[in-house]
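In: Curious how this folds, go ahead:
(chains A and B)
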Amino acid sequence: MSDAKIEVRNVTKVFGKAPQHGVKLLNEGMTKKQILEKTGMTVGVNKASFEVKAGEIFVIMGLSGSGKSTLVRMFNRLIDPTDGQVLIDGQDIVKMKPNELREVRRSKISMVFQRFALFPHRTVLSNTEYGLEVKGADKKKQREKAIESLKLVGLEGYENSYPSELSGGMQQRVGLARALANDPDVLLMDEAFSALDPLIRKDMQNELLELQEKMEKTIIFITHDLDEALRIGDRIALMKDGSIVQVGTPEEILMNPANDYVERFVEDVDLSKVLTAAHVMKRPEVIHSDRGVRVALQIMKDAKISSLYVVDKKQVLVGAITAEDASDALKSGKTIKDIMVHDIQTVTPDTLIADMFEQVATASLPIAVVDEQNRLKGIVVRGAVLAALAGDDIQLNGNEVK
Amino acid sequence: MSLLAIILSFIFVILALVLSTAFKLGLGKDIMITCVRATIQLLVVGYILNAVFGLDHPLGIIIMLLIMILVAVRNAAKRGRNIPFVFWKIFITISIVEIVTQGFLLGLKIIPASPQYIISISGMIIGNSMIIANLFLNRLQAEIDLRKEEILLVLSLGGSVKQSIFPILKNSIRASLIPTIEGQKTIGLVQLPGMMTGQIIAGADPIQAVKFQLLIVFLIMAAASLTAIILGFLIYPSLFNTEEQLVTNRFLSP
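Out: Below you'll find the predicted structure:
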């Protein structure tokens, strides 16, 4: 067994008069277009296979008509696959009887819809409780769960409002709270943020990421927006004409597009908004603060560099020295502590390159990359940033894009 | 009314035609067709009614009613062409409404059991049911189109088919009844109902005509509600398949 939460095996959906015949034609190697011309049937999803790991955000991305919504609706079987299997925790959803399926929908999978699907005549609280109501939980527990869930999405205090009184972003939070109230393992989000305006959308994306850190649900997120996919996806499946074209981390998709289609798709992506400091940083040359100036000069000479970061025994960054100051110090007998510069530009490993442009442009020293404990993890030099953005044949560090 | 009077009344048709031509409304052909059809249909119905009344046999009445129902069903069924058995579902609905209303009318001896009464009143009931069925299907279609996500949401949370469609069904039933209820509110104030007008012209006492019209108003209320509710409950299961999935193309595609 793998650590897959959801396994999708050869899932196919054919719309039309004789779907099974359509599957046969696909097996014989006909394309979606040929089948449409010959039989008038539409291949919605063509033999999709992939695995979704527990706790990851798996983005299914494609343009409209690519079959992504059809695909995700087969995971909770709002639509029946014509062929193939969908295993959730090893159980085949496709084979389940209606009552078993209802049970899975009540406890394991929840869905968030593009246009929120809130009941206009119920309050926010009552909307949030809906799933539990269907489940038949007792009234008091429903209320507790729903309040907790609303708190989680930041809607405390809005319990008694009606959906029409809320902004789009807030309405979708209610949708999310409702889905979470059932405490499902799997969250299906079908273009959940696509109806929101761009700024709200970005906020929601960030908030989803924050929430995910606490919840660790398995999230399947459908979108037609590549930026959104790259921003929130741990892994992305790209769909075209019903087929999965490529599955990979955002970085893999950008750097090694599987074919021309993906390449054309990603060529306009602003790499600076995907790549982070961790991708372009180099291993730093450092010196401990209690060592001598002479050693520092030697290190700089060997590494052919003109400045050096100073750390303490725990690798915590304390400052930097330049070669010029060091040779002056050698003559005047000063120590490293005397000549050390404290005012250093730092970033964290997950800072986007787009957010470091100004620092890169103005800093006289390479930029220090530090973690939360201020330990020096690497340095970023101007040349590495430019090379990364040019995108050609650069050696990126093996860090996953966050 | 003399034949001459009818021929003279064609002046009104000519007036409509002249106006249509003068203002380039392009309705000349439609006006002609409508007038010719109305003339032929009504004349034929007149002769048929004459025959049925003369026959005075239950079978004649039943056949007449059946034909009326079938024509009404055919008209209403156009709305939900993709729904399996929609014709028969509307047929059953209108038949039940007709049987129930006539059952009360005749059983309680509110009206005499003569073809004049049965057929005229049935005509109003069936016609009204046809309009309600039309409105209901139209509204249901629009509601499902608009609130599809809501249905899917309820299903996705493990709700039953009934739970998912019920609010929409209720809304559609309500909406299809509103014109009937609203229409009856101003009855008599703006225009006199056709049947009452007819009775008064035929020389009946206005109070007598009013009493009769009241009966019809009450009847139509009951018939309308019955139609919408029965049809609603007959139709909704066919919007889903045996796997409890919403089969949207039953309504949404032409």
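In: What parts of chain B come near chain A?
Out: For chain B, the contact set with chain A under C-beta under 8 Å from any C-beta of the partner chain comprises B:149-150, B:152-160, B:163, B:167, B:243-246. Just so you know, the C-beta spots here come from the backbone N, C-alpha and C atoms, and that holds for glycine as well.
In: Residue B:77 sits in which helix or strand?
Out: Using DSSP states H and E, residue B:77 sits within helix B:58-77.
In: tell me which residues in that helix are buried?
Out: Neighbour counts over helix B:58-77 (16 or more other C-beta atoms under 10 Å in any protein chain shown) mark B:60, B:61, B:64, B:65, B:68, B:69, B:72, B:73, B:76, B:77 as buried.
In: and residue A:204, what is it in contact with?
Out: Contact partners of residue A:204, counting by C-beta atoms under 8 Å, 6 or more residues apart in numbering or on different chains, are A:169, A:172, A:173, A:192, A:193, A:196.
In: For the host helix or strand of the third one, name the packing helices and strands.
Out: Taking DSSP H and E as the criterion, the element that holds residue A:173 is helix A:168-181. With contacts defined as 3 or more C-beta pairs under 8 Å, 6 or more residues apart in numbering or on different chains; DSSP states H and E, the packing partners of helix A:168-181 are strand A:109-112, helix A:124-135, helix A:139-152, helix A:198-215.
In: Residue A:184: what's it in contact with?
Out: Contacts of residue A:184 (C-beta under 8 Å, 6+ apart): A:107, A:108, A:109, A:110, A:217.
In: which non-adjacent residue is nearest residue A:133?
Out: residue A:142 (6.3 Å; C-beta to C-beta, 6 or more residues apart in numbering or on different chains).
In: Over to residue B:68?
Out: residue B:126 (5.2 Å).
In: What distance do you get for the residue of the stretch 1-150 of chain B found nearest chain A to residue B:143?
Out: Per C-beta to the nearest C-beta, residue B:149 is where the stretch 1-150 of chain B lies closest to chain A, at 3.9 Å. Noted for residue B:149: a distance of 12 Å to residue B:143, by C-beta to C-beta, to the nearest Å.
In: of the two, who's got more company?
Out: residue B:143 (21 against 18; other C-beta atoms under 10 Å in any protein chain shown).
In: How about the contacts made by the more buried one?
Out: B:168, B:171, B:172.
In: Show me those residues that map onto helices.
Out: The helices, defined by DSSP state H, take in B:168, B:171, B:172 from the contacts of residue B:143.
In: The last one contacts residue B:133, correct?
Out: No - no contact is recorded between residue B:172 and residue B:133 when judged using C-beta atoms under 8 Å, the distance being 11.4 Å.
In: so what sits against both of these two?
Out: residue B:228.
In: More neighbours: the two, which one.
Out: residue B:133 (30 against 26).
In: just checking, that one touches residue B:94?
Out: Yes - here residue B:133 reaches residue B:94: they are 7.2 Å apart, a contact under C-beta under 8 Å.
In: can you list residues touching both of these two?
Out: With C-beta under 8 Å, 6+ apart as the test, residue B:133 and residue B:94 both reach residue B:227.
In: ok, back up a step: now do the helix holding residue A:173 against helix A:124-135, angle only.
Out: 30 degrees (axes from the mean of the first three to the mean of the last three C-alpha atoms, to 10 degrees).
In: Pull the distance from helix A:168-181 to the chain's centre.
Out: With C-alpha atoms, centre = their mean, to the nearest Å as the basis, helix A:168-181 stands 19 Å off its chain's centre.
In: Pull the contacting residues for residue A:312.
Out: A:288, A:289, A:318.
In: and of those, the nearest to residue A:11?
Out: residue A:318 (55.9 Å; C-beta to C-beta).
In: okay, now the closest one: neighbour count?
Out: Neighbours of residue A:318 (other C-beta under 10 Å): 17.
In: That one sits in which helix or strand?
Out: Residue A:318 belongs to strand A:317-322, assigned by DSSP H and E.
In: model confidence over that strand, on average?
Out: The pLDDT scores in strand A:317-322 average 90.
In: For it, name the packing helices and strands.
Out: strand A:307-311, strand A:367-370.
In: Which stretches in the stretch 201-350 of chain A count as strands?
Out: A:218-223, A:235-240, A:243-248, A:286-288, A:307-311, A:317-322, A:346-347 (DSSP state E, counting those that start in this stretch).
In: Out of the helices and strands in chain B, which is least certain?
Out: helix B:194-201 (a mean of 86; mean pLDDT, DSSP states H and E).
In: Following the chain onward from that helix, which element is next?
Out: Defined by DSSP H and E, the subsequent element after helix B:194-201 is helix B:206-235.
In: what is the orientation angle of that next one with helix B:58-77?
Out: 60 degrees.
In: how far out from the middle of the chain is helix B:206-235?
Out: Centre to centre, stretch against its chain (C-alpha atoms, centre = their mean), the figure for helix B:206-235 is 11 Å.
In: Please apply the same query to stretch A:177-187.
Out: On C-alpha atoms, centre = their mean, the centre of stretch A:177-187 falls 19 Å from the chain's centre.
In: Whatever residue of chain B ends up closest to chain A in helix, strand or coil?
Out: Nearest residue of chain B to chain A (C-beta to the nearest C-beta) works out as residue B:158 at 3.4 Å. At residue B:158 the chain is in coil, as set by DSSP: H, G, I helix; E, B strand; the rest coil.
In: returning to that earlier point: which residues sit in contact with the residue nearest to residue A:133?
Out: A:129, A:132, A:133.
In: For those residues, give me a markdown table that also has pLDDT.
Out: As requested, the contacts of residue A:142 are arranged in a markdown table below (pLDDT from 0 to 100):
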| residue | pLDDT |
| --- | --- |
| A:129 | 95 |
| A:132 | 93 |
| A:133 | 93 |
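In: Compare the residues you listed and tell me which is most surrounded.
Out: Those, ranked by neighbours (other C-beta under 10 Å): first place residue A:129, 26 neighbours.
In: Quick check: the gap between that one and residue B:32.
Out: 62 Å.
In: Counting by contacts, list what the helix or strand where residue B:15 lies packs against.
Out: Under the criterion of DSSP H and E, residue B:15 resides in helix B:3-22. With contacts defined as 3+ C-beta pairs under 8 Å, 6+ apart, helix B:3-22 has these neighbours: helix B:28-55.
In: packing partners for the helix it packs on?
Out: helix B:3-22, helix B:58-77, helix B:115-146.
In: next one: that helix to chain centre, how far?
Out: For helix B:28-55 - counting by C-alpha atoms, centre = their mean - the centre lies 19 Å from the chain centre.
In: Could you tell me the angle between it and helix B:3-22?
Out: Going by the same axes, to 10 degrees, helix B:28-55 makes 150 degrees with helix B:3-22.
In: Which positions in helix B:28-55 come out as buried?
Out: Buried-residue list, helix B:28-55, by 16+ other C-beta under 10 Å: B:31, B:49, B:52.
In: relative to strand A:307-311, how tilted is the strand holding residue A:318?
Out: Using the same axes, to 10 degrees: strand A:317-322 against strand A:307-311 is 160 degrees.
In: And the contacts of strand A:317-322?
Out: Against strand A:317-322 from outside (C-beta under 8 Å, 6+ apart): A:287, A:289, A:296, A:306-312, A:336, A:339-342, A:344, A:346, A:365, A:368, A:370, A:374-376.
In: of those residues, buried ones?
Out: Of the contacts of strand A:317-322, these count as buried by 16+ other C-beta under 10 Å: A:287, A:289, A:296, A:307-311, A:336, A:339-340, A:344, A:365, A:368, A:370, A:376.
In: Quick check: the two most widely separated of these?
Out: Across those (C-beta to C-beta), the longest gap, 21.2 Å, separates A:339 and A:370.
In: sorry, back to before: which residues touch the helix holding residue A:173?
Out: By C-beta under 8 Å, 6+ apart, the list of residues contacting helix A:168-181 reads A:110-113, A:116-118, A:124, A:127-132, A:145-146, A:148-150, A:152-155, A:158, A:163, A:166, A:187, A:192-193, A:195-197, A:200-201, A:203-204, A:208, A:215, B:157.
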